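> Provide a 3D model corresponding to the input given below.
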Amino acid sequence: VQAYPLGSAKCGGKAKALIVHSPNPNIIYEFARRFSLNNRVQAGLSQEIRFPKTKLIEILLEIEKELRKRRNDVDAITAYRLTNYGTDADVEIYYLPTSSVRFVYIARTGKYKSAWEAVVEHAWEIEEESKPKRKPKTTAKEAKSKKKTKQLVGRHNFFYEELFDLPENAQRFLRTYFLRVRVVRAKGTKDSDPRQKYSPIGDADIVSWDLTSLYLREVMNMDKVRINAIRELGDKLAEYIRTQDARLFSKIFNARRYKDLSLELLKANKATVQSGKPPLFSFNQFVDIFEESEEMPRVDWSLARDLLLVRMIEQLQAADWWSAHKPELEEATRD
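Model prediction:
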């Protein structure tokens, strides 16, 4: 207990220490080792981590190679940010389940790597441009006191931070980072949040079905049969939008009630059959994707809609369809 600060990281605010626990002792060791080395290097500099969740993910990605060398399985981590400062003793707990750790490790490799890197890159806090100011004259006493001021180090990555909200906020997470639906700026917040500029159309080159389906399997534990059914329907709808009715995309995107969504899909299915082509979906396929039973929508029907949009966006991007329809679709999806 007395020695734990040596293997912890200093976090901003009332002498808070960040320590990490995991069922895998090698994960504990790697985190403590890095914190300890950093404490020795930074001794006397009074530097503190500004965004502990972001830092935890960065270190987790660093130690992945070490764990792989030792053939260790990935495991959950629990971080404790705590203080015994005066009467304000407190602890914050950040938990990253095994499913999320596995998703992070797999997503940064192979066919997922480029999509992962793009999502991460567009989630860093936007740094405000600071105008150069004249340095006011300071006395020796003031200069000495400034040296004692704590430096908050580290950058803020919104994607990394929200990994700790999984799986509770899984659909909102998917909608923000994989479908690229913008986050509306809250009153009084800064313009440094990059998610305010997200756009399903403008960021179409970032949208990836492979990365999204990995997320569905690892984090949301979705059945592979349903994932494949959604992918197949997304392909057919993309072809229908590209060749028959471009307006269907914005209608699906803006459907806020299950009744509205099902009506648009049934109308598209009917139009396809009337044009002499095979139907977009069968009755059983429709029920598998959207309903618990006939005329009883699933609780997560809107998740299926979002996943259809992800697949359609990727397919339409691959067909270079957006270039001719971007302005009107940007307008249709803005709100």
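
> so what's the residue nearest to the spatial centre of the chain closest to, chain neighbours aside?
Residue closest to the average C-alpha location in the chain (CA atoms, centre = their mean): Phe159, at 4.0 Å. Excluding its sequence neighbours, the residue lying closest to Phe159 (CB to CB, 6 or more residues apart in numbering) is Ala123, at 3.5 Å. For the C-beta atoms, the positions are set from N, CA and C on the backbone; glycine is no exception.

> cool, and Glu264?
Here the residue nearest Glu264, using CB to CB, 6+ apart, is Lys251, at 4.8 Å.

> check which helix or strand covers that neighbour.
helix 247-253 (DSSP states H and E).

> Pro52 is in contact with Cys11, isn't it?
Yes: counting by CB atoms under 8 Å, Pro52 touches Cys11, with 5.1 Å between them.

> okay, and for this protein, where does confidence drop off?
13-14, 43-46, 69-72, 128-154, 186-190, 328, 330-335 (pLDDT under 70).

> need the helices for it, in chain order.
25-41, 52-69, 98-107, 113-121, 140-147, 158-162, 170-177, 209-218, 224-243, 247-253, 258-274, 283-290, 301-318, 322-333 (DSSP state H).

> got a markdown table for those helices, with distance to Thr87 too?
Listed next are these as a markdown table, based on distance: least, CB to CB, whole Å:
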| stretch | distance to Thr87 |
| --- | --- |
| helix 25-41 | 27 |
| helix 52-69 | 23 |
| helix 98-107 | 35 |
| helix 113-121 | 40 |
| helix 140-147 | 26 |
| helix 158-162 | 29 |
| helix 170-177 | 36 |
| helix 209-218 | 43 |
| helix 224-243 | 52 |
| helix 247-253 | 52 |
| helix 258-274 | 52 |
| helix 283-290 | 54 |
| helix 301-318 | 45 |
| helix 322-333 | 50 |
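
> between the ones you listed, which gets nearest to Leu18?
Distances from Leu18 to each of the helices of the chain were compared using CB to CB; the minimum, 5.1 Å, belongs to helix 52-69.

> Which residues does the helix holding Lys251 contact?
Residues outside helix 247-253 that contact it (CB atoms under 8 Å, 6 or more residues apart in numbering): 200, 237, 240-241, 261, 264-265, 268, 305, 308-309, 312, 316, 328-329, 332-333.

> Extract the C-alpha trace of that helix and format it as CSV.
C-alpha atoms of helix 247-253 as CSV (Å, rounded to 0.1, in the frame of the first residue of the first chain):
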residue,chain,number,x,y,z
ARG,A,247,-34.0,9.7,-52.4
LEU,A,248,-34.3,6.4,-50.4
PHE,A,249,-31.0,7.1,-48.7
SER,A,250,-32.1,10.3,-46.9
LYS,A,251,-35.5,8.7,-46.2
ILE,A,252,-33.9,5.8,-44.3
PHE,A,253,-31.4,8.1,-42.6
